[in-house]
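A.B. asks: just coords:
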């Protein structure tokens, strides 16, 4: 049996073509598989530092968002007043 020479450009093309499919598939798989693990690490780190996530934190976040929305509304109203003064 005779050994054929390797066509290097074709081999590189096939390998690069396969990586175009394999890398995104592996990336998506690792992302979904690692998500629970990463969340558990984050939660355990917060618990160790005494910053466990509780229901009261949810209320604090909602309150903070409402305060920020009010601040943005006030800034917008001040901008409108300044523009009205410039126009008149």
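C.D. replies: Everything's here; your move. Note that the structure is a prediction, hence the values are computed from the model and not measured.

A.B. asks: ok, residue 72 - contacts?
C.D. replies: Neighbouring residues of residue 72 by Cβ atoms under 8 Å, 6 or more residues apart in numbering: there are none. C-beta: built from backbone N, CA, C; applies to glycine.

A.B. asks: again, but for residue 14
C.D. replies: The contact partners of residue 14, taken as Cβ under 8 Å, 6+ apart, number zero.

A.B. asks: so which strand or helix has it?
C.D. replies: Residue 14 is located in helix 8-48, with elements delineated by DSSP states H and E.

A.B. asks: domains in the protein, by residue range?
C.D. replies: 8-53, 55-88 (automatic domain parsing).

A.B. asks: could you list the low-pLDDT ranges of the protein?
C.D. replies: Counting by pLDDT under 70, the chain contains low-confidence ranges at 45-58, 80, 82-84, 86-88.

A.B. asks: redo that, cut-off 80
C.D. replies: Applying pLDDT under 80 to the chain picks out residues 1, 41-62, 78-88.

A.B. asks: what about residue 77, neighbour count?
C.D. replies: Residue 77: 10 surrounding residues under other Cβ atoms under 10 Å.

A.B. asks: gap between it and residue 67?
C.D. replies: Using Cβ to Cβ, to the nearest Å, residue 77 is found at 16 Å from residue 67.

A.B. asks: what does residue 73 give?
C.D. replies: Going from residue 73 to residue 67 by Cβ to Cβ gives 11 Å.

A.B. asks: same check on residue 34?
C.D. replies: Separation of residue 34 from residue 67 (Cβ to Cβ): 35 Å.

A.B. asks: go on, residue 43?
C.D. replies: Distance from residue 43 to residue 67, by Cβ to Cβ: 27 Å.

A.B. asks: residue 24: how many residues sit nearby?
C.D. replies: Residue 24 has 10 neighbouring residues, counting by other Cβ under 10 Å.

A.B. asks: how far away is it from residue 30?
C.D. replies: Counting by Cβ to Cβ - residue 24 and residue 30 are separated by 11 Å.
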